[in-house]
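>>> need the 3D shape of this:
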Amino acid sequence: MALHFSVLASGSTGNAFYIGTNKTKLLVDVGLSGKKLEKLLDDVSVNPKELDGILVTHEHSDHIKGVGIVARRYGLPIYANEKTWQAMEAQLGKIQGDQKFQFDMETVQTFGDIDVESFGVSHDAIDPMFYVFHHEGKKVSMLTDTGYVSERMKKTVENSNAILFESNHDVGMLQMGGYPWNIKRRILSDKGHVSNEDAAVAMLDVIGNQTKQIYLGHLSQDNNMIDLARMSVEQILQKHDAGVGEQFTLEDTSPTKPTPICYV
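Now for the predicted structure:
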């Protein structure tokens, strides 16, 4: 079976991502309850008993809320870098020693027939990192929870067959909204989240001949809307003749519904 994936949940209320082949099945983050995760997996016909491990991006609760529960329930190993382990371990509950594994930033680890590459992002967590998945020449990347997209990040994810890309907020909605100023300043900072417009500009540098799907991820419930995010990103991509709707499609994500399984 080809490399395939589903964005199970994406947003400030909880994040989870499934990716697999016929041989290997992985989760990235479980930022929601074990019960909710099981429902989301069932919706895309994935049996949690067949999972091989959980990769963690960073210690914020919308990414790790259910990690400990799911790991204990299914006996799954958990992979994170050293600083993230230190920051999140107390939040996970009791984890057996043989379920704890280190995955250093800027390294590649092999899980069955999937090579997983980790890379750093700019976010207000202790040592946040995201992942690129390689299998038989195919490439799927995840890039959310970053205040800006550096040249190094772009190089890492460029020409992916599919990519989950942060499109967190509309700057105008955020500035006019009811968040306290310190929260607004955090979101707009280099360690916050990428806006719709900044996401689109960064996408121009990472779209390649192989790129077929871009998923707009981690939308703010208060400072964005699905239609607004799509329109804002689409306008910039169309202005630069990037091939949106022809070479590749823009896909929506949800905090409560998984995307259909996509094969690359």
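
>>> can we go C-alpha only for contacts and neighbour counts from here?
OK.

>>> against Asp222, how distant is the residue of the chain most remote from its centre?
With distances taken from the mean C-alpha point of the chain and given as C-alpha atoms, centre = their mean, the most distant residue is Met176, at 27.2 Å. Plainly put, Met176 is 11 Å away from Asp222 if you go by C-alpha to C-alpha, to the nearest Å.

>>> which residues touch Asn223?
When contacts are counted by C-alpha atoms under 8 Å, 6 or more residues apart in numbering, Asn223 is found next to Asn168, His169, Asp170, Val171, Met173, Leu174, Gly177.

>>> out of everything not next to it in sequence, what's closest to the fifth one?
Residue nearest to Met173 in three dimensions, not counting chain neighbours: Asn223, with 5.2 Å by C-alpha to C-alpha, 6 or more residues apart in numbering.

>>> just the strands in the stretch 151-264 of the chain please.
Secondary structure of the stretch 151-264 of the chain by DSSP state E, counting those that start in this stretch: the strands cover 162-166, 213-217, 249-252, 262-263.

>>> reformat these as a markdown table; add distance to Tyr148.
Compiled in a markdown table, these are given as follows (distance: least, C-alpha to C-alpha, whole Å):
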| stretch | distance to Tyr148 |
| --- | --- |
| strand 162-166 | 10 |
| strand 213-217 | 14 |
| strand 249-252 | 20 |
| strand 262-263 | 27 |
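
>>> pick the most buried one from those strands.
Mean neighbour count, computed with mean count of other C-alpha atoms under 10 Å, is highest for strand 162-166 among the strands of the stretch 151-264 of the chain, reaching a mean of 26.

>>> angle of it against strand 213-217?
Angular relation of strand 162-166 and strand 213-217 on a 0 to 180 degree scale: 20 degrees, by axes from the mean of the first three to the mean of the last three C-alpha atoms, to 10 degrees.

>>> okay, now the sheet partners of strand 162-166, with direction.
Using DSSP bridges, the strands paired with strand 162-166 are strand 138-143 (parallel), strand 213-217 (parallel).

>>> a markdown table for the ones you listed, including mean pLDDT?
As requested, the strands paired with strand 162-166 are exported to a markdown table (pLDDT from 0 to 100):
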| stretch | mean pLDDT |
| --- | --- |
| strand 138-143 | 98 |
| strand 213-217 | 98 |
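
>>> so for Ala87, which of these sits nearest?
strand 138-143 (20.9 Å; C-alpha to C-alpha).

>>> quick one: which helix or strand includes Phe5?
In this assignment (DSSP states H and E), Phe5 forms part of strand 4-9.

>>> if I pick Glu166, what's in contact with it?
Leu143, Thr144, Asp145, Thr146, His193, Val194, Ser195, Ala199, Leu216, Gly217, His218, Leu219.
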